[in-house]
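Asks: Got a predicted structure here, sequence first:
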Amino acid sequence: MTQHSTGRINQKRRTRTAILRAATELLRDGGQVTMREIAREALVSEATAYRYFPDLPTLLREAVAGQLFDPVEALRPVERSPDPVVRVATAAEYLLRHVLAHEGAVRAMIAATITRPADATARPGLRFGLIEQSLAPPAELNGLDGDALAQLKRDLSVVVSAEALFGLLDQHRLTPEQAVASLARIAITLTRETLDRS
């Protein structure tokens with residue numbers, strides 16, 4: 001390998017790192033997160049940013065990769081509890097507070113994919129793993145059948161979500177604490193009623 005080609009590889013690595021760092025800083029600072037703004041912060045052209053990352057969701061997914069959580073670890077405080085209501089409440093609270101802590105990143109990711117449903121798979125979907133884990137053993141589900149359990153998981157995924165949280169914050173003007181409490185209460189009610197019916 002020539003010195004010239006080694007230099008080009010190093011330059012590409014530095015450019016990619018600069019773009020990722022700029023995205024991470026904008027997300028942390030709560031600034032406007034667009035490819036144009038990220039490129040400006042990284043001191044590169046927008047076209048250059050797109051050469052390294054094909055779209056904003058791909059870039060954001062990589063920028064937030066180190067900030068994602070493991071559902072098992074998230075539910076560690078209630079790992080021995082057989083009460084699905086307690087486990088779901090803990091999952092709801094954890095997810096919603098995580099969204100609040102990374103609000104800029106989550107809003108940017110939703111905004112970048114909401115008008116392009118095919119790109120929605122670029123979003124991490126943390127709620128699904130968390131809901132799954134909250135209803136896994138040792139949760140005692142009172143003999144809930146497979147169809148009812150699948151429906152409960154779908155229902156919870158609507159409530160335990162960034163979209164629901166932002167709706168309460170933006171349209172209903174609730175405080176973050178009020179919004180989290182409201183959604184956690186709905187998640188608890190859904191779980192309890194489903195188990196009671198079973």
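Replies: Ah, there it is.

Asks: Okay, buried residues for the helix or strand bottoming out on mean pLDDT in the chain please.
Replies: None of the helices or strands of the chain scores lower by mean pLDDT, DSSP states H and E than helix 103-113, at a mean of 82. Buried residues in helix 103-113, counted by 16 or more other CB atoms under 10 Å: 103-110, 112-113. (Glycine included, C-beta is placed from N, CA and C.)

Asks: What helices and strands are in contact with that helix?
Replies: Helices and strands touching helix 103-113, by 3 or more CB pairs under 8 Å, 6 or more residues apart in numbering; DSSP states H and E, are helix 3-29, helix 56-63, helix 162-170.

Asks: residues in contact with the shortest one?
Replies: Helix 56-63 is touched from outside by 19-20, 23-24, 27, 33-35, 38, 49, 52-53, 105, 108-109, 112-113, 119, 122-124, with contacts defined as CB atoms under 8 Å, 6 or more residues apart in numbering.

Asks: Just the buried ones from the residues you listed?
Replies: Neighbour-count burial (16+ other CB under 10 Å) is assigned, among those, to 19-20, 23-24, 27, 33, 35, 38, 49, 52-53, 105, 108-109, 112-113, 119, 122-124.

Asks: and the nearest residue to Pro176 once chain neighbours are set aside, how many neighbours?
Replies: Nearest residue to Pro176, sequence neighbours excluded (CB to CB, 6 or more residues apart in numbering): Leu100, at 5.4 Å. Applying other CB atoms under 10 Å, we find 16 residues neighbouring Leu100.

Asks: gap between Leu100 and Leu169?
Replies: Applying CB to CB, to the nearest Å, the value for Leu100 to Leu169 is 9 Å.

Asks: Can you pull the residues that touch both of those two?
Replies: With CB under 8 Å, 6+ apart, Leu100 and Leu169 have common neighbours Pro176.

Asks: so the residue nearest to Pro176 makes contact with Phe166?
Replies: No - with contact defined as CB atoms under 8 Å, Leu100 does not count as touching Phe166 (10.1 Å).

Asks: thinking again about what came up before, pull the distance from the least confident helix or strand of the chain to the chain's centre.
Replies: Computed by CA atoms, centre = their mean, to the nearest Å, the chain-centroid distance of helix 103-113 equals 9 Å.

Asks: can you check stretch 20-30 too?
Replies: Counting by CA atoms, centre = their mean, stretch 20-30 comes out at 16 Å from the chain centroid.

Asks: Which parts of the protein belong to which domain?
Replies: 3-63, 66-197 (automatic domain parsing).

Asks: By mean pLDDT, show me the worst of those domains.
Replies: In terms of average pLDDT, domain 3-63 trails the rest of the domains of the chain, at a mean of 87.
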